[in-house]
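Participant: let's see this in three dimensions:
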Amino acid sequence: MRSSLIIFFLCTFLLRVSNAKQGDPDFLPNSEDSVNELNRLAKDSAESAPIMAIYLAHKAIKMAREIDYPKGEADGLTRIALGYQYQAKTDSAVYFFEKSLTFRRKHNLDIGGIAATISRLGDVYDSEGLYMKALVQRRDAVQKREEEGKPDRIARVYNKLATTFKLIAERNNRVGLEHEGNEPDSSIYYFRKALPLWSMAKNEHEYANTCNMLATVYRTNHDYDSALVFLDQAEKILKDVEAPDFLLDTYLRKGRLYDDLKNHEEAFDYHTKAFELAKILKDTLSQFAVLINLGENQFLQQKFTEALSYYQKAEKLSLSKSFQKMPTLLKILNTNLANTCDSLGRTGEALNFLREASDLAEKISRSEDRGRFQDAKDKVEISNDLDKVKQERKTLVNGMIGAGICLSILIIIGIYIQIQRNKYQKLLREKREDELLAEIEDSKQKLLTKQNENKDKVLAKVGRELHDDVGATLVAVRREMESFKNIIKTLDEGTEIRYSGIFDMVNKAYTDLRRVSKDMKQNSLDGGLFSALHEMVGKVNSLDDGLFIKLYLENPTSISLDSKIEINAYRIIQEAINNIVKHAKAEEVILQVLLANDCLSITIEDDGIGFDSRAEADGIGLKNIHDRVEDLKGTLTIDSVKGKGTSIFVEIPVTIQSKN
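Facilitator: From the prediction side, this is the model:
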């Protein structure tokens with residue numbers, strides 16, 4: 001359903017762009033609304049289509065820079081980080097989240113955006129098991145949200161900070177470490193601080209969810225009475241607001257709690273309620289968890305056959321691919337199956353399940369060791385920093401100048417090494433970013449080339465239609481008029497004069513039609529660019545419209561150009577001359593074409609009325625010129641002021657070939 005919505009939003013976005021500029025997303029009008037739209041689409045597609053999200057975010061950043069919109073640029077950096085996060089590319093995600101944070105702080109952007117970015121960075125560290133780093137980000141986010149002063153947002157970061165404390169406590173429990181810093185108490189403290197804020201924000205779902213999480217911590221601490229109080233409170237609220245998904249979670253927790261209290265019949269009732277809700281919600285993972293709970297409930301009552309039945313149902317659910325990424329759940333299932341089979345005297349099956357559980361335990365242990373090592377490393381680094389500070393203070397107090405100098409030198413060396421390391425990592429990340437941008441630019445270049453080819457094909461088709469249909473009609477009209485020539489001579493002189501004028505107009509229309517048709521059909525220049533320019537200038541100068549073009553060419557006769565470059569350069573000059581004829585009211589045009597040093601230089605200057613090039617540079621004619629220059633990887637400069645004429649400068653890189 002979510003993927004369908006994202007596809008719908010993307011189609012809507014591209015259709016909106018299409019209505020604006022012939023279907024090319026590069027022509028979306030530069031505005032804050034456009035940047036926000038791109039960032040919104042990037043956020044919506046980050047989970048299901050992360051590469052598309054990164055592409056859209058890059059477009060948003062580019063547009064935001066062009067219109068000087070810092071918030072849009074910062075949001076774009078955050079969306080890129082989200083795209084990498086959903087691809088499990090942690091280093092890249094951290095890099096762009098930190099880049100977004102630095103940018104927001106530099107431009108003094110809203111504190112809410114800073115807090116949200118810090119919180120997301122904490123999410124990344126939590127997902128990688130780097131809880132000490134996550135803890136630093138969580139506390140920073142709490143400080144920012146408290147400054148912001150919005151109850152629901154403060155409550156949400158309290159919950160996240162409490163969850164990180166809870167994860168640290170659970171990991172320490174598994175490996176038998178002491179709870180340094182009272183992590184369970186800290187999680188209770190922040191969960192309880194969040195409750196009145198959720199109540200103030202009138203968010204009953206989150207209030208009940210926080211009650212559920214509090215109950216879990218109390219259960220871990222064996223404070224079953226407190227756990228039951230909060231679960232009862234959550235159950236009452238969720239029944240009133242009709243929230244089945246949250247209520248399912250409450251039933252799961254209550255069932256496990258009653259099993260701990262050895263009230264297995266009450267526990268079985270709640271496990272059954274939870275399973276019914278999970279089936280209604282079609283939640284496979286919750287069904288699996290409830291079946292495990294039901295099996296454990298029956299095992300505790302020594303109903304081993306019933307327990308095995310529930311575990312086997314859970315085993316069938318675990319065959320789906322989504323469970324392969326959850327080794328902890330599979331380990332619990334296999335361990336329970338082994339114990340149950342052993343209790344039923346099925347020793348062979350028990351051994352098989354026990355081996356599978358052992359393999360999964362080893363896999364989980366390796367993952368936890370990496371997390372513990374990283375946390376230990378973080379603690380050592382923090383401890384070392386504190387020791388250095390104490391040593392510096394002691395040195396200052398006791399006057400140990402020599403020791404202080406040595407310590408300073410060591411710090412400088414460490415900072416220098418770290419700076420060099422950071423520069424190297426930054427270069428690697430920027431290289432990856434540049435490669436992505438290069439791919440995007442290459443796609444854009446191919447799109448422009450295809451567009452220009454399509455334009456030329458359309459022009460050629462229209463030229464043929466004009467020549468074949470309209471031209472034939474004008475020839476027929478002229479012949480019909482010639483057949484009336486003798487009759488007209490017998491009439492009065494005024495009628496004959498009018499007839500001659502009309503006949504001349506038809507002849508002129510036919511001549512003009514043939515010229516325009518020929519220009520439109522031209523996909524290559526038989527005599528080369530310079531010969532075609534001579535012909536075009538001669539035609540314009542022959543018109544009686546007060547405009548004269550001075551043509552200056554430097555054209556070595558032994559040199560030729562690629563046909564694509566020649567036809568596009570011709571179209572650029574043709575478009576510019578047409579614009580001058582239509583709009584400039586000029587009397588003289590200087591056209592200079594120079595071919596030298598692997599570069600084709602074109603200069604077009606007129607003495608017309610000019611225009612404000614900053615405000616009026618988005619006309620169709622100028623846009624066509626810009627597209628063709630960009631397709632040829634050239635540069636375009638337009639210099640114009642109202643009342644002082646216009647100058648157009650084009651430089652196109654070329655490969656010069658010998659005609660011989």
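
Participant: how long is stretch 317-328 from one end to the other?
Facilitator: One end of stretch 317-328 sits 15 Å from the other (Cα to Cα, to the nearest Å).

Participant: so the closest residue to Val654 other than its chain neighbours is in which element?
Facilitator: Counting by Cβ to Cβ, 6 or more residues apart in numbering, Val654 lies nearest to Leu600, which is 4.9 Å off, once chain neighbours are set aside. All C-beta atoms are positioned from the backbone trio N, CA, C, and that covers glycine. Per DSSP states H and E, Leu600 falls inside strand 599-606.

Participant: residue contacts, the residue nearest to Val654?
Facilitator: Contact analysis of Leu600 by Cβ atoms under 8 Å, 6 or more residues apart in numbering lists Leu561, Ile565, Ala569, Val593, Leu594, Glu651, Ile652, Pro653, Val654.

Participant: for the residues you listed, work out which two are farthest apart.
Facilitator: Maximum pairwise distance in the contacts of Leu600, criterion Cβ to Cβ, is 15.2 Å, between Val593 and Pro653.

Participant: pick out whichever of the two has more residues nearby.
Facilitator: The neighbour comparison of Val593 against Pro653 (other Cβ atoms under 10 Å) goes to Val593, with 20 against 13.

Participant: mind listing residues that contact the strand or helix carrying the more buried one?
Facilitator: Counting by DSSP H and E, the element that carries Val593 is strand 588-596. Strand 588-596 has contacts (Cβ under 8 Å, 6+ apart) with 529-530, 533, 537, 547-556, 559, 561, 569, 573, 577, 580, 600-607, 654, 656.

Participant: so how many other residues sit close to Val477?
Facilitator: Residues near Val477, counting by other Cβ under 10 Å, number 15.

Participant: now it: how far from Asn507?
Facilitator: 10 Å (Cβ to Cβ, to the nearest Å).

Participant: coming back round to it: and the strand holding Leu600, how far out from the chain's middle?
Facilitator: Taking Cα atoms, centre = their mean, to the nearest Å, the mean C-alpha location of strand 599-606 is offset from the chain mean by 40 Å.

Participant: could I get the CA-only coordinates of it as CSV?
Facilitator: In CSV, the C-alpha atoms belonging to strand 599-606 read as follows (Å, rounded to 0.1, in the frame of the first residue of the first chain):
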residue,chain,number,x,y,z
CYS,A,599,36.7,26.0,-30.1
LEU,A,600,33.9,27.4,-32.2
SER,A,601,33.1,31.0,-31.0
ILE,A,602,29.9,32.7,-32.0
THR,A,603,29.2,36.4,-31.4
ILE,A,604,25.9,38.1,-32.3
GLU,A,605,25.4,41.8,-31.5
ASP,A,606,22.5,44.1,-32.4
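
Participant: in that strand, what counts as buried?
Facilitator: Of the residues in strand 599-606, Leu600, Ser601, Ile602, Thr603, Ile604, Glu605, Asp606 count as buried by neighbour count, 16 or more other Cβ atoms under 10 Å.

Participant: adding distance to Tyr224 and pLDDT, write these out as CSV.
Facilitator: Shown next, in CSV, are the buried residues of strand 599-606 (distance: Cβ to Cβ, whole Å; pLDDT from 0 to 100):
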residue, distance to Tyr224, pLDDT
Leu600, 85, 88
Ser601, 86, 90
Ile602, 85, 92
Thr603, 88, 93
Ile604, 87, 92
Glu605, 90, 91
Asp606, 90, 92
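
Participant: need those in TSV (columns: distance to Gly72).
Facilitator: Shown next, in TSV, are the buried residues of strand 599-606 (distance: Cβ to Cβ, whole Å):
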residue	distance to Gly72
Leu600	38
Ser601	37
Ile602	36
Thr603	38
Ile604	36
Glu605	38
Asp606	39
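
Participant: residues contacting the nearest residue to Leu308 once chain neighbours are set aside?
Facilitator: Of all residues not flanking Leu308 in the chain, Thr340 sits nearest, at 4.9 Å (Cβ to Cβ, 6+ apart). Contacts for Thr340 (Cβ under 8 Å, 6+ apart) come out as Gly295, Phe299, Phe304, Ala307, Leu308, Tyr311.
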